[in-house]
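[1] have a look; sequence and predicted model below, questions after that.
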Amino acid sequence: MDRYERILTLHRILKSARYPVPFARLKDELACSRATLYRDVAFLRDALGAPIESGGGEETTFHYAADEAERFELPGLWLTSEELAALLALNELLVRSDPGVLAGALAPFRARIERLLSDHSSGRALPVERIRVLASGSRKLDQAAFRGVASALLNRQRLKFRYRARSTDSQTERTVSPQRLAHYRDNWYLDAWDHSRDALRSFALDRIRDPQPVDEPALDRDTAELDAHLASSYGIFSGAPKAWATIRFSEHAARWVADEHWHSQQQGARLPDGRYELKLPYSNSRELLMDVLKYGPDAEVVAPVSLREEMKILLQLALGAYQNAP
């Protein structure tokens, strides 16, 4: 344990203690020598202004003055090595997972994190190359549009914008009450109450153009209502579940699928022959079938019949593309 962490641990022990803490306990907790502990106590009291008081008797004790203990906190930002490691990982995740949207806004914050990490490591090079973040399937996002949507959301204002749906490629004008931002599979979505449709909708931020705040307060919807409509079915598509899908995976694929999270209400069970059966609710079959397809012959849609037939059609169309030479 280095000095930085010993000071923080010493402060936390004295801050939380209800009675004077024996010297021997502090020495054991900090895993240091007698002389080192006295130096740390002196630094915490004299340099950092901690209200430390000592007691005599058979054994020396230390405690914070009762009338000042609640008010005193260490100046600046003090973190353990584990907390700093987590902060470093978070920093790299923000920078590498979606640099186009958040990097500009977070640049000052990132600089402060890096200075803090450098100070704690005594100027040694930070092992950022030990953290690997891979983004998959992320789409290009307009930073101005992201900031406009986020601003309206935080300020609880209505928002109007042009939206080009990916499924139809048609453009419409929308006025919405933003409810929350969602980051799903390396892309951003806006959950909102659509006043033109009088319903909850999810909008892909990369399809939003020219967002403008409306001088009218946003209509707030209850969190339970948002979850029931936007999170009750599989994937990003909204709506109440229309049916439950049953999918069976081979014994080989079961090693992975059994540990995967597909939906908050999923039901999974190992079958006697080693296969794995997964059941989950869905509203729109498109995304679910695409995810099942990636398992190829190791996955079989069992029910409902309509979903199974839809999968058969997709497989036949895919096979048809390979009937002739390219």
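    Thanks, I have the structure now. Numbers count the residues shown, from 1 in each chain.
[2] so residue 228 belongs to a strand, correct?
    No. Residue 228: not assigned to a strand; according to DSSP: H, G, I helix; E, B strand; the rest coil it is helix.
[3] the host helix or strand of residue 13: what's the following helix or strand?
    Per DSSP states H and E, residue 13 falls inside helix 3-16. Following helix 3-16 in sequence order, the next helix or strand is strand 21-22 (DSSP H and E).
[4] that following strand packs against which elements?
    Under the contact definition 3 or more C-beta pairs under 8 Å, 6 or more residues apart in numbering; DSSP states H and E, strand 21-22 sits against strand 61-64. Quick note: C-beta positions are derived from backbone N, CA and C, even for glycine.
[5] hmm, who's touching the strand it packs on?
    14-15, 17, 19-23, 26, 41, 50-55, 72 (C-beta atoms under 8 Å, 6 or more residues apart in numbering).
[6] going through these, which ones are buried?
    Among those, those buried by neighbour count (16 or more other C-beta atoms under 10 Å) are 14, 17, 20-23, 26, 41, 50-53, 72.
[7] would you turn those residues into TSV with distance to residue 155 and pLDDT?
    Shown next, in TSV, are the buried ones among the contacts of strand 61-64 (distance: C-beta to C-beta, whole Å; pLDDT from 0 to 100):
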residue	distance to residue 155	pLDDT
14	42	91
17	44	86
20	50	90
21	48	91
22	53	91
23	54	91
26	49	92
41	48	92
50	41	90
51	42	91
52	45	93
53	48	91
72	36	87
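[8] so where is the stretch 51-200 of the chain shaky, pLDDT-wise?
    The model of the stretch 51-200 of the chain has pLDDT under 70 over residues 76-85, 87-135.
[9] ranges for the helices of it?
    Here the stretch 51-200 of the chain has its helices, by DSSP state H, counting those that start in this stretch, at 81-97, 99-120, 143-155.
[10] domain ranges for this protein?
    Annotated domains of the chain cover 3-64, 81-130, 143-220, 243-320 [automatic domain parsing].
[11] what ranges do the helices span in the stretch 201-326 of the chain?
    Secondary structure of the stretch 201-326 of the chain by DSSP H, counting those that start in this stretch: the helices cover 223-230, 251-257, 285-293, 305-320.
[12] run through who's touching the longest strand along the chain.
    The strand spanning the most residues in the chain, taking DSSP state E as the definition, is strand 171-184. The contact list for strand 171-184 (C-beta under 8 Å, 6+ apart) reads 149-150, 152-153, 157-165, 188-196, 200-203, 214, 218-221, 226, 236.
[13] in stretch 278-289, which residues are buried?
    For stretch 278-289, burial by neighbour count (16+ other C-beta under 10 Å) applies to 278, 279, 280, 281, 282, 283, 285, 287, 288, 289.
[14] now do the contacts for the fourth one.
    Residue 281 makes contact with 232, 233, 234, 241, 243, 244, 245, 263, 265 under the criterion C-beta under 8 Å, 6+ apart.
[15] pretty sure the fifth one is touching residue 304, no?
    To tie it back to what came earlier, the one meant is residue 243. Yes. Counting by C-beta atoms under 8 Å, residue 304 is a contact partner of residue 243 at 5.1 Å.
[16] strands paired with the longest strand of the chain, and their directions?
    Note on strand 171-184: by DSSP bridges, its sheet partners are strand 157-164 (antiparallel), strand 187-194 (antiparallel).
[17] hey, which of these is tucked in deepest?
    Among the strands paired with strand 171-184, strand 187-194 has the highest mean neighbour count (mean count of other C-beta atoms under 10 Å), at a mean of 22.
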